[in-house]
Structures are given as structure tokens and as C-alpha cells.
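[1] here are the coordinates; sequence isn't available:
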């Protein structure tokens, strides 16, 4: 019997792989994400299953606000859509 080890993609096969180093990632996407440190693996979450509901809600609210700022930067220079049709 032959032992076959699958070659898994991305972090499944290479747990230390950073998004910026993934050959499947579009360089334009990486360039847009890099200023926000979204091209690398984030630090571990400060909340866990043993965290209080208040701690989890606070973390989620901060995360949502942070991504709101990222989206504002991404879409700030786009022209308005004509939705009158």
C-alpha cells in the first residue's frame, strides 16, 4: 500500500503561508489590502468561547467599525451609481 499525502492548497497545506505570498492571490488585491495589514495572518483573536458576551460583542463592534473604515477607503473614489433606471 502506498502512502499518498495530498498537496493541499493555501494554508491547508502550508499553515505558515501569508496571503501576500500565496501564488493564487491577485497582486492588485494584495496591494489594496497591504496598507491595512490584511495581506498577512492576523494576530489571534482576543476573545474565545470562554469570553463573556460583553467581551465578544465589544470585539465584534470594534471589528465591524474597522472594516467599515477599510470599505470607506476602498469605495471612496468610485463614481456614484445611477439607480434611476
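    In hand now; what should we look at? Owing to the predicted nature of the structure, the values given are computational and were not obtained by experimental measurement.
[2] can you tell me which helix or strand the residue sitting nearest the centre point of the chain belongs to?
    For the chain, the residue nearest the mean C-alpha position is residue 38 (5.4 Å; C-alpha atoms, centre = their mean). For residue 38, there is no enclosing helix or strand under DSSP states H and E.
[3] Look up how far residue 56 lies from it.
    22 Å (C-beta to C-beta, to the nearest Å). Just so you know, the C-beta spots here come from the backbone N, C-alpha and C atoms, and that holds for glycine as well.
[4] Residue 75 now?
    Distance from residue 75 to residue 56, by C-beta to C-beta: 28 Å.
[5] For the chain, just list every one of the helices.
    Applying DSSP state H to the chain gives helices spanning 10-13, 27-33, 53-75.
[6] export these to CSV and tack on mean neighbour count and mean pLDDT?
    Compiled in CSV, the helices of the chain are given as follows (neighbours: other C-beta atoms under 10 Å; pLDDT from 0 to 100):
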stretch, mean neighbour count, mean pLDDT
helix 10-13, 12, 90
helix 27-33, 13, 94
helix 53-75, 11, 94
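[7] got these as JSON lines, with distance to residue 43 columns?
    Below are these laid out as JSON lines (distance: least, C-beta to C-beta, whole Å):
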{"stretch": "helix 10-13", "distance to residue 43": "15"}
{"stretch": "helix 27-33", "distance to residue 43": "16"}
{"stretch": "helix 53-75", "distance to residue 43": "12"}
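[8] Tell me which of those sits nearest to residue 19.
    Closest approach to residue 19 among the helices of the chain (C-beta to C-beta): helix 27-33, 6.8 Å.
[9] counting contacts, what elements does the closest one pack onto?
    The helices and strands touching helix 27-33, judged by 3 or more C-beta pairs under 8 Å, 6 or more residues apart in numbering; DSSP states H and E, number zero.
[10] Fine by me, we can end here.
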